[in-house]
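# based on what follows, work out the 3D shape:
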Amino acid sequence: MKHTVLVAGGGKSGIAAARLLLSAKKQVILYDENPDKDEEQLRQQVGAEGSLKIVLGELSDELLNEIEYCVISPGISLEQPFVIKIQKANIPIWSEIELAYHYGNGSIIAITGTNGKTTTTALVGEIMKNWVGEEHAFVVGNIGIPYTEMALKMKEDSVVTAEISSFQLESAITFHPHVSAILNITPDHLNRHKTMECYIEVKESITKNQTADDFCVLNYDDEVLRIFGESLSIPVIYFSSRHELNEGLFLKDNTIYSRINGIEKVIGTVDEFHLVGQCNYENIMAAVAIASCMGVPEQVVAKTIREFRAVEHRIEFVEEKNGVRYYNDSKGTNPDAAIQAIKAMTTPTVLIGGGYDKGSDYTEWIQTFGTKIKKLLLMGATAKKIAECADANGFHEYQFVESMEEAVAVAASCAKPGEAVLLSPACASWGMFPNYEVRGKIFKELVRSL
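Reported below is the predicted structural model:
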């Protein structure tokens with residue numbers, strides 16, 4: 001009988017998955033197709049001996065004969081040759097969240113969507129901590145803490161708030177949240193999912209194991225999600241920043257209202273919150289809806305949403321220098337997210353954009369500039385592609401820069417007192433930076449050293 005689990009990917013989530021399995025007394029093979037990886041360093045990161053085997057490079061047929069199932073890191077495409085080899089051997093492939101769900105406990109809140117996931121997850125996590133206490137509330141997933149890293153610490157009375165990406169959902173089999181939320185669906189990661197239809201299907205699969213005892217929170221303003229909600233047999237709560245809803249949460253005249261089970265309540269006015277911009281008001285509504293499904297007392301929700309501040313790298317105010325306000329939106333890794341950041345700006349803005357090409361179309365992003373974006377500074381692999389799109393849409397105030405250092409220096413020379421500088425790249429960071437966090441931190445360091 002096969003008792004060995006193959007963990008594919010030696011990154012953060014792969015290391016966490018290997019640790020969990022070893023703690024559960026499983027035999028583990030940690031595999032990475034990069035033959036140049038440092039085997040001893042991987043072993044030290046896992047921090048285990050004996051039942052851990054490390055394999056680099058080619059995956060042999062003999063090795064596959066030992067495997068019970070494979071846990072795949074989110075960054076690995078299911079179309080990789082070695083993954084196809086595993087599939088052909090009829091070995092089940094689990095995502096990291098599937099593994100964590102198998103070993104973890106507690107009530108699960110799962111939040112996905114193209115944009116707003118991190119802010120909403122952080123806000124909901126804070127609400128849950130203020131409700132059940134720090135020791136019973138876990139905030140995990142794509143937000144930065146692997147779900148598998150915390151799974152064995154979760155008890156029956158734990159509340160788990162998880163940010164879930166489309167990559168993680170691809171190989172989720174039995175994963176079953178009590179409350180799911182899909183915040184929005186706009187084009188992203190099409191280099192991996194190929195079509196919008198496939199991307200939408202993966203996002204909507206977050207609800208596939210839910211029952212009539214569970215809940216789903218959806219964005220009414222997203223036509224795809226509105227139609228999807230009508231097809232679900234589980235209770236659905238909608239939120240909207242554009243329509244007054246008979247049932248759900250909505251924004252009207254700068255005030256957020258809740259109408260649930262025929263009872264209307266005022267949640268708060270936008271000037272009461274530290275979060276700014278329509279996208280963040282939607283995040284607040286989603287969080288309040290989720291909290292309602294979980295039965296959180298209203299006073300806990302009200303206090304938390306008023307005290308909560310922006311997540312790092314998401315329309316984050318950095319500092320004011322010489323009368324110019326600098327904002328870090330490094331997590332704006334696709335055009336739709338970057339559009340939300342532009343909408344949140346209230347003064348003429350110098351925008352820093354560009355990076356890795358995920359196959360996105362930048363037309364709508366450029367068309368959002370209006371008179372608000374006075375200059376666009378472009379870097380990275382997409383710089384020329386974006387410039388061509390800008391020209392095609394009548395925006396010619398752009399300049400190419402070679403580095404973040406140059407971008408900040410040029411932005412500082414262009415922006416006048418009372419104006420703003422915004423890093424919101426509309427692209428991933430790969431190629432120039434390891435991830436969006438590093439990109440954002442470098443930007444903030446450069447701003448503070450001006």
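# in which helix or strand does Gln168 reside?
Per DSSP states H and E, Gln168 falls inside helix 166-169.
# nope, Glu264 is what I was after
strand 263-269.
# outside of that strand, which residues touch it?
Contact partners of strand 263-269, identified using Cβ atoms under 8 Å, 6 or more residues apart in numbering, comprise 249, 254-259, 284-285, 288, 298, 302, 305-306. In this view, the C-beta of every residue, glycine as well, is placed from N, C-alpha and C.
# related to what we said a few turns ago, what's in contact with the helix or strand following the helix holding Gln168?
Next helix or strand after helix 166-169 toward the C-terminus (DSSP H and E): strand 179-182. Residues from elsewhere that reach strand 179-182 (Cβ under 8 Å, 6+ apart): 107-113, 120, 203-204, 206-207, 210, 214-219, 225, 228, 286, 289-290, 293-294.
# which stretches of the stretch 1-150 of the chain have low pLDDT?
For the stretch 1-150 of the chain, applying pLDDT under 70 flags the ranges 1-2, 48-50.
# how about a cut-off of 80?
In the predicted model, the stretch 1-150 of the chain carries pLDDT under 80 at residues 1-3, 10, 48-51, 144.
# can you give me the helices for it?
12-23, 39-46, 61-64, 81-88, 96-103, 117-132, 147-150 (DSSP state H, counting those that start in this stretch).
# ranges for the helices of the stretch 301-450 of the chain?
Under DSSP H, counting those that start in this stretch, the stretch 301-450 of the chain gives helices at 335-344, 363-367, 383-392, 404-414, 436-448.
# so what touches the first one?
Same thing as helix 335-344. With Cβ under 8 Å, 6+ apart, helix 335-344 has contacts from 114-116, 184, 186-188, 276-280, 315, 327, 329, 331-332, 349, 351, 353, 360-362, 364-365, 368-369, 372-373, 422, 424-426.
# end-to-end on stretch 331-351?
End-to-end span of stretch 331-351 (Cα to Cα, to the nearest Å): 14 Å.
# now that stretch: buried residues?
331-342, 344-345, 348-351 (16 or more other Cβ atoms under 10 Å).
# stretch 39-56 now?
Residues of stretch 39-56 classed as buried: 42-43, 45-46, 48, 52, 54-56 (neighbour count, 16+ other Cβ under 10 Å).
# which of those residues sits closest to Val410?
Within the buried residues of stretch 39-56, proximity to Val410 (Cβ to Cβ) peaks at Gln45, which comes in at 39.3 Å.
# burial count for Arg325?
For Arg325, the count of nearby residues is 20 (other Cβ atoms under 10 Å).
# pretty sure it contacts Ala420?
Yes: under the criterion of Cβ atoms under 8 Å, Arg325 makes contact with Ala420 at 4.7 Å.
# list residues touching both of these two?
Taking Cβ under 8 Å, 6+ apart as the criterion, Arg325 and Ala420 both touch Thr347.
# let's see stretch 111-118 as CSV, backbone CA atoms only.
Below are the C-alpha coordinates for stretch 111-118, written out as CSV (Å, rounded to 0.1, in the frame of the first residue of the first chain):
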residue,chain,number,x,y,z
ILE,A,111,-12.6,34.7,0.3
THR,A,112,-11.7,34.8,-3.4
GLY,A,113,-12.0,37.3,-6.3
THR,A,114,-9.7,39.1,-8.7
ASN,A,115,-9.2,42.1,-6.5
GLY,A,116,-9.8,43.1,-2.8
LYS,A,117,-9.1,39.6,-1.4
THR,A,118,-6.3,40.7,0.9
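# gap between that stretch and the chain center?
Offset of stretch 111-118 from its chain centre (Cα atoms, centre = their mean, to the nearest Å): 5 Å.
# who touches that stretch?
For stretch 111-118, contacts defined as Cβ under 8 Å, 6+ apart pick out 120-121, 124, 142-143, 161-166, 169, 180-188, 203, 206, 219, 279-280, 282-283, 286, 290, 311, 314, 331, 334, 336-337, 340.
# where does pLDDT dip in the stretch 151-300 of the chain?
Looking at the stretch 151-300 of the chain by pLDDT under 80, you get 186-194.
# just the helices in it please.
Under DSSP H, counting those that start in this stretch, the stretch 151-300 of the chain gives helices at 166-169, 190-193, 196-204, 223-231, 278-294, 298-307.
# so which of those is nearest Trp430?
Shortest distance between Trp430 and the helices of the stretch 151-300 of the chain, using Cβ to Cβ, is found for helix 190-193: 11.2 Å.
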